[in-house]
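A.B. asks: this one's sequence-less:
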């Protein structure tokens, strides 16, 4: 089988990472590459690391350009995917790296993003309970946000064992912010500096983490979430904690939860995750411990925000949706140092 | 007045920063510079940025070398300061950048550091309630740890307003680890990577933060503390949170607490601290907010771990102890970008 | 004496560094701070490290705003300084951090910058032969470009000893590019990457280096100059080489040239310059050697592009022009690590 | 065909990169992993990014451990490979990532490395004229040094067109220095700083570049080589120049030289190489231009020092030696940003 693929938003970081992974995927052929303002330019100007596609010319992101492919990856700002998807036909697999179809609650959508809710799609985090089955055969997939991916996987196995109030501080590289030309994202500003943003529950990924953990817990979980920007291009390290309510062996719970998962690795005791070890890979590295003085669970988890946090998840979901082996074209091997 | 100063541990990062600040201090003259294994070598080999002292030769760290100065700064591994200080005379001001005399509880010392407790000295964080008076005229000062400095200042004003259980995730540059030759501190390892360490309450700064906040609160405060290492040489950004129990205006509480402090700056609303903005300076930048969904206070604070976090505090305490204006030789101006 | 100072372009990196240095200068008072698009905003939004000036509001860059000061620093894009200066009066010291008045040859100006040449001003590199005297009492100063500063100081003492064809490869941090919002300057792009630009003699600093070295040599010197961008905010390391034509002791020539210079330091043999050691300082660190296989002189020099490379030179020239001690408010002490 | 592979020096950076690439190679099975001081520990402790091999235990680097494999990669300090290879049998392919067998001139070996020359092996840079044929069917391969790889490929096509004196300034990430525990390689030292080393022709890669270019030129080429250390883990950007002696179209010469090379890419005019674009890939990105004022060729080339600069070349040579398609398991796709 050779799947014909289109990527909308091919000049951005998420689109570039989808392409990087697809270039190593044995079952695909890369078709249309589209963009907004960059339409008409060659891919080399935007993705100089994708040499095999260097001469490809970006076309306008329109339904017509994206039509005629088996799979369409959307790597667009939120608000654009519903209309495009509606025009692509139900047999086309549409994998949306944007936020439009992640939240199930229209009120939450309106509060956090504004505008009308476009409805929810199967949620592309197969490692959460029940999610994998929804993704098999799906023709629409909502790829999770990068922070929700790492935070939800870090805390999901603990949901029956802790108070339903969790604290997440997640430190991220800068590529999560995309190629937006903001002064605060200039190299001179980010190198040598650390900053927090979206503090006080203001980041849009908060309701998504809440949705995921509440679904697993079967009750409302309250999430204190703070993202921190650090001087590296890729990677998220999440430090998550919650007060234990159970005497159960938490490590055993994590081992059970992820024993058969190809991409989620609970490290042996004494080893702690680093984002460097997952750079470029689809792996999630986890470690758990208990602060005995506080009877508090602390989980540290690392992902590559562009890989498992976005494009790797997108390819993983494509594999699932189309009946390919879930790990096709994906790896747990990072590029380090 | 010209004070004659000695620095023990002059080849390390803390000692180097003490010297950097003293080179800009109008009332001092730099005397003996001592070291351990680096004794006999020139300072240039270790501190190439301290050009005016480049030709100084390091001598052995002994009481005899340190004798005859008005002020002795100790920047040594823990366990070495008590004996040296005992031999220096009560009229000499000894400012210890190490951990030996920070904890007041001998049991805590034994648990976290091992060995016998050497006793506690006036604690060099004048911005905490009651501390400044203890430092005036003191001849022994225990400089706080870098994480306790930023965490305690971030949370102290809230102590009456929140549950006595706080969460601190503090992201730090690598200089806090000193010049130890460990594989994990190599540039190749730390650049492009994030890692947590001392997770689960295992870091030795945990009891110091606990001691500080409990003293302010007047009751035992439980501290969940996780340090994270990020790819930058200097700076700590602490994200601190706790559940509010009071309807009082928390911002007003912070404004009151720090209105007259020369080095602690609550930023105007909408501005968030960055470590880049305090690089090289003695300033603490703070911002506070409330997560209304969780009724949780979130405070973000930034310091330079080597400046306000170590050497700046040391100089500030010297000024206080000797009756100089507290800000002499110190600045709130950072080196950015 | 208290000098009243205005800074035009106060929201940029060069303007910010001028202000950082002036905040430590004992003879000045900071008056008008002006900007282009940022006029009307507070300085805190642009220079969060300059806490003492945080509440200052930027005004429009006009001659009227800048009038009434003893010294006006211009940190503007090229093409703006001549007209402003013309309206400021001959008694006002105008220190231009931009390129407008550096080149003496109108043809060179037209070739490299385009438009009409605004004339040349005394060139603010007092360490070059003859330059210091031109700067004493001057009321107009052209601050050199950052690359010309480090390259010219690295090679000037060798001008009689080498073939008049030199090669300079200078690696720079990103702040030299200013706050321009270009994709290539985003943190995600510059971290973890190296790139060359202006290759083949295309960088505008080439004619300035040529002008400096030719003036010292008394004949046309040909300069092969390539700048490289590296992932750090500040600093330039220049590697300069040329074929020796003389058997004279080159080290002695450098020692002679800079023996009395307060800011230019030839390091002892065996020590090599690093940009980290000069961060934030006005120092130039140099080392020279001879490749005996090729009979080629190799000089390595390090500066902070924003300090000695721009704002430090500007303050140094102000001191000279106004008869203050040349080192007032400046330091050779870097902020490291 | 499944080749059984051993890697000696598996806990270092070069060995780790060989393993990373082999984990994506379809024709190999990974056998013995050996080390020096790290023997007896698990690979996870040293290479946390190689999850599929995490539980492998390192054994001692001895001929006995390495015996019984089809291919043995040596990633050892120089001086160790000759004796090991002698005991491995002539049918085993030995690919030496170290320096022992790169230089053909025993006198050069003695001058630059000391001790007795162990003889030269086929040189693993197939893109140089005549080298590919020597590698086909070889059972001993000397993998080039990282700087010689990028410098030689950057200049080889110009050898008939320029004076036989070239200047190379190559900026490198820190992984080229390996995991040596030296103070100057600590993250705190390298981040935010640039430094040159081996200045004046003192770096051991100088004679290797000289050997390569002289062989291509058919006459002695003199090489002024200066390496610079920059704050990034991986990547080398080389800036190379030489005076033109020919009026021939240099771009055409480069196009001809590399038209059929799978890994060497002359970029379209106007695009310049970056190390970020080749991170993790086996690609070489090149651009050439002529400084018309000096009639001087300037070439900029980028590689990943661990990939094409070491381990990628090693795998490429293994493919060639064993008759596999040369590109098997290798990619020109980088991991960016």
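C.D. replies: Okay, I see it. A quick note: this is a predicted structure, and the numbers were derived from the prediction, not measured. Numbers count the residues shown, from 1 in each chain, chains lettered A, B, ... in the order given.
A.B. asks: Secondary structure element holding the most far-flung residue of chain A relative to its centre?
C.D. replies: Computed with CA atoms, centre = their mean, the residue of chain A farthest from its C-alpha average is residue A:293, at 33.8 Å. Using DSSP states H and E, residue A:293 is not contained in any helix or strand.
A.B. asks: Run a quick check on it versus residue B:222, I expect a contact.
C.D. replies: Yes - between residue A:293 and residue B:222 a contact is recorded at 7.0 Å, counting by CB atoms under 8 Å. (Glycine included, C-beta is placed from N, CA and C.)
A.B. asks: picking that back up, how much space between the residue farthest from the centre of chain A and residue B:227?
C.D. replies: 16 Å (CB to CB, to the nearest Å).
A.B. asks: need the contact list for residue A:111.
C.D. replies: With contacts defined as CB atoms under 8 Å, 6 or more residues apart in numbering or on different chains, residue A:111 is in contact with residue A:207.
A.B. asks: Enumerate every residue touching the residue in the stretch 1-150 of chain A positioned nearest to chain C.
C.D. replies: Closest approach between the stretch 1-150 of chain A and chain C, counting by CB to the nearest CB: residue A:13, at 6.8 Å. Shown in contact with residue A:13 (CB under 8 Å, 6+ apart): A:175, A:178, A:179, A:306, C:188, D:337.
A.B. asks: Mind putting those into TSV with secondary structure, pLDDT and distance to chain B?
C.D. replies: Putting the contacts of residue A:13 into TSV (DSSP: H, G, I helix; E, B strand; the rest coil; pLDDT from 0 to 100; distance: CB to the nearest CB, whole Å) gives the following:
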residue	secondary structure	pLDDT	distance to chain B
A:175	helix	98	12
A:178	coil	95	19
A:179	coil	95	19
A:306	coil	98	13
C:188	helix	98	12
D:337	coil	97	11
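A.B. asks: wait, does the top strand by length along chain A contact chain D?
C.D. replies: Longest strand in chain A, counting residues (DSSP state E): strand A:162-172. No - judged by CB under 8 Å from any CB of the partner chain, strand A:162-172 stays clear of chain D, getting no closer than 13.3 Å.
A.B. asks: do that strand and chain B meet?
C.D. replies: Yes - using CB under 8 Å from any CB, strand A:162-172 reaches chain B at A:165, A:167, A:169, A:171.
A.B. asks: partners of that strand in the sheet?
C.D. replies: strand A:222-229 (parallel), strand A:236-244 (antiparallel) (DSSP bridges).
A.B. asks: Quick one: closest of those to residue C:269.
C.D. replies: strand A:222-229 (43.0 Å; CB to CB).
A.B. asks: Just the buried residues of the closest one, please?
C.D. replies: By neighbour count with 16 or more other CB atoms under 10 Å in any protein chain shown, strand A:222-229 contains the buried residues A:222, A:223, A:224, A:225, A:226, A:227, A:228, A:229.
A.B. asks: now swap in stretch A:27-34 and tell me
C.D. replies: So for stretch A:27-34, counting by 16+ other CB under 10 Å, buried means A:27, A:28, A:30, A:31, A:32, A:33, A:34.
A.B. asks: just checking, next helix/strand downstream of the worst-scoring helix or strand of chain A on mean pLDDT?
C.D. replies: Using mean pLDDT, DSSP states H and E, the weakest-scoring helix or strand in chain A turns out to be helix A:81-86, at a mean of 92. Counting by DSSP H and E, the next helix or strand C-terminal to helix A:81-86 is strand A:93-96.
A.B. asks: Pull the distance from the next helix or strand after that next one to the chain's centre.
C.D. replies: Downstream of strand A:93-96, the first helix or strand assigned by DSSP H and E is helix A:106-112. From the chain centre to the centre of helix A:106-112 is a distance of 20 Å (CA atoms, centre = their mean, to the nearest Å).
A.B. asks: repeat for stretch A:305-317
C.D. replies: 5 Å.
A.B. asks: That stretch near chain C anywhere?
C.D. replies: No - remark: stretch A:305-317 sits outside contact range of chain C, by CB under 8 Å from any CB, the gap being at least 9.7 Å.
A.B. asks: Show me what counts as buried in that stretch.
C.D. replies: Going by 16+ other CB under 10 Å, stretch A:305-317 has these buried residues: A:305-317.
A.B. asks: residue contacts, the residue in the stretch 201-337 of chain A that chain D sits nearest to?
C.D. replies: Relative to chain D, the nearest point of the stretch 201-337 of chain A is residue A:334 (3.3 Å; CB to the nearest CB). Neighbouring residues of residue A:334 by CB under 8 Å, 6+ apart: A:276, A:277, A:278, A:279, A:280, A:281, A:283, A:304, D:48, D:49, D:50, D:51.
A.B. asks: Ok, residue A:153 next?
C.D. replies: Residue A:153 neighbours (CB under 8 Å, 6+ apart): A:125, A:127, A:128, A:264, A:284, A:286, A:301.
A.B. asks: Check the gap between it and residue B:150 for me.
C.D. replies: 30 Å.
A.B. asks: out of the buried residues of stretch A:305-317, which are inside helices?
C.D. replies: A:312, A:313, A:314, A:315, A:316, A:317 (DSSP state H).
A.B. asks: any idea how far chain C is from the fifth one?
C.D. replies: Yep, that's residue A:316 we're talking about. 23 Å (CB to the nearest CB, to the nearest Å).
A.B. asks: check contacts around the residue in the stretch 201-337 of chain A that chain B sits nearest to.
C.D. replies: Chain B sits closest to residue A:276 of the stretch 201-337 of chain A, with a gap of 3.0 Å, by CB to the nearest CB. Contact analysis of residue A:276 by CB under 8 Å, 6+ apart lists A:235, A:334, A:336, A:337, B:189, B:192, B:193, B:194, B:195, D:48, D:49.
A.B. asks: Confidence-wise, which of the residues you listed comes last?
C.D. replies: Across the contacts of residue A:276, the member with the lowest pLDDT is residue B:192, scoring 94.
A.B. asks: Neighbours of residue A:115, how many?
C.D. replies: For residue A:115, the count of nearby residues is 10 (other CB atoms under 10 Å in any protein chain shown).
A.B. asks: Quick check, it in contact with residue A:79.
C.D. replies: Yes - with contact defined as CB under 8 Å, residue A:115 and residue A:79 form a contacting pair (6.6 Å).
A.B. asks: how about the residues of the stretch 101-250 of chain A near chain C?
C.D. replies: So far as CB under 8 Å from any CB goes, the stretch 101-250 of chain A lies against chain C at A:173-175, A:177, A:179, A:181-183, A:185-192, A:231-233.
A.B. asks: related to what we said a few turns ago, and which of the ones in helices among the buried residues of stretch A:305-317 is nearest to chain C?
C.D. replies: Nearest to chain C among these is residue A:312, at 17.5 Å by CB to the nearest CB.
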